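**Q** Next come a sequence and a model predicted from it.
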Amino acid sequence: MVLLSFDIEEFDMPLEYKGEISFDKQISISQHGLENILNILKKHGAKATFFSTVVFAENSKHLIERLLNEGHELASHTWFHSEFEDKHLKESRERLEELFSTKVTGLRMPRMMPVDEKEVEKAGYLYNSSINPTFLPGRYNNLKVSRTYFNEGNVMQVPASVSPNFRIPLFWLSFHNFPLAFYKKLVADVLKKDKYLNIYFHPWEFSSIKEEAFKLPGFTVKNSGKDMVARFDAFVEWLKEKGHTFGTFQEFQKQVHA
């Protein structure tokens, strides 16, 4: 099973690099990207899971309703993208359920931040996909964490996929910067070894984000916008041709526990 997932959030990355962007533009860029994602998924009949901040969801109700109507899963990306307290775990899950009358069982922390697993379980989540089990200087040092899913208390941990050898991460930056043939080779290795794939992206990758005011480094904007739409469309087509199925995290968890 291929687990495509998207962290749908206010596009605040320019602020990390001392760039300038208004809140309205943060939302509109992500909304435009999300529309592009949903169109690609609909074209290929592929299901996915969308981890949303409450801030983005409250400002994008029509798009959240569309993704639910098209068979995708809504999960929590907490309340804000750049601010977090433990109480946001439960509050964000309940707010998303209240807004959209759907069952929210999954969590992904913004920027894959560490989180107290006891608090995650107390907040009512059944799975957490907040670990990138690789080494990335300044971001992650999770080489001792399992590459594949495992349980912690009553919560299933579903780490992002990395290659079986050397733990090369397959996250969004790899997709943009690796030659697509090399990325596909790593994906094929993971699917052969693990029998599933967990990769994640963001809606703003599918929008035009090369404005000077954003001050984003080249490696973050390479193959973004229209290039990303074409690249991702071709990638999903390739996965389909290889006979792989697409599922939500809830479906994956049911399959594992069957």
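**A** Okay, I see it.

**Q** and Leu63, helix, strand or coil?
**A** helix (DSSP: H, G, I helix; E, B strand; the rest coil).

**Q** Okay, helices next: where are they in the stretch 151-258 of the chain?
**A** Listed in chain order, the helices of the stretch 151-258 of the chain (DSSP state H, counting those that start in this stretch) span 172-177, 180-194, 218-221, 226-241, 249-257.

**Q** The longest one to helix 180-194, inter-axis angle?
**A** Compare the direction of helix 226-241 with that of helix 180-194 by axes from the mean of the first three to the mean of the last three CA atoms, to 10 degrees and you get 40 degrees.

**Q** same question for stretch 206-226, mean pLDDT?
**A** Averaging pLDDT along stretch 206-226 yields 98.

**Q** Quote the end-to-end distance of it.
**A** End-to-end distance for stretch 206-226, by CA to CA, to the nearest Å: 7 Å.

**Q** Val158 contacts Asn198, correct?
**A** Yes. Distance between Val158 and Asn198: 5.8 Å, which falls inside the contact criterion (CB atoms under 8 Å). (C-beta placed from N, C-alpha, C; glycine too.)

**Q** hey, what's in contact with both of the two?
**A** 3, 129 (CB atoms under 8 Å, 6 or more residues apart in numbering).

**Q** among the helices and strands of this protein, which has the poorest mean pLDDT?
**A** Between all helices and strands in the chain, the lowest mean by mean pLDDT, DSSP states H and E belongs to strand 140-141, at a mean of 90.

**Q** strand partners of it, parallel vs antiparallel please.
**A** strand 135-136 (antiparallel) (DSSP bridges).

**Q** Which residues does the strand it pairs with contact?
**A** With CB under 8 Å, 6+ apart as the criterion, strand 135-136 contacts 141-143, 167, 169.

**Q** swap the cut-off to 7 Å and go again
**A** 141, 143, 169 (CB atoms under 7 Å, 6 or more residues apart in numbering).

**Q** Top of those residues by number of neighbours, please.
**A** Comparing those by number of neighbours (other CB atoms under 10 Å), Pro169 comes first, having 20 neighbours.

**Q** That one: what's its closest spatial neighbour, skipping adjacent residues?
**A** Thr134 (4.4 Å; CB to CB, 6 or more residues apart in numbering).

**Q** how close does the one you found sit to Phe6?
**A** 20 Å (CB to CB, to the nearest Å).

**Q** again with Glu73
**A** Glu73 is 11 Å from Phe6, by CB to CB.

**Q** Look at those two and report which has more neighbours.
**A** Taking neighbours as other CB under 10 Å, Glu73 and Phe6 compare with Phe6 leading, 27 against 23.

**Q** How about the contacts made by that one?
**A** Here Phe6 is in contact with 37, 48, 50, 200-203 (CB under 7 Å, 6+ apart).

**Q** Could you single out the nearest of those residues to Gln253?
**A** The shortest gap between Gln253 and any of the contacts of Phe6 belongs to Ala48, at 15.0 Å (CB to CB).

**Q** about what we covered before: surely the residue nearest to Pro169 and Asn142 touch.
**A** Yes. Assessed by CB atoms under 7 Å, Thr134 is found in contact with Asn142 at 6.4 Å.

**Q** returning to what we had before: touching both of Glu73 and Phe6, which residues are there?
**A** Taking CB under 7 Å, 6+ apart as the criterion, Glu73 and Phe6 both touch Phe50.

**Q** just to revisit the earlier point, burial count for the residue nearest to Pro169?
**A** The burial count for Thr134: 24, using other CB under 10 Å.

**Q** now for the lengthiest helix in the chain, which elements pack on it?
**A** Ordering each helix of the chain by length in residues (DSSP state H) puts helix 23-44 first. Judged by 3 or more CB pairs under 7 Å, 6 or more residues apart in numbering; DSSP states H and E, helix 23-44 is in contact with strand 2-8, helix 61-69, helix 226-241.
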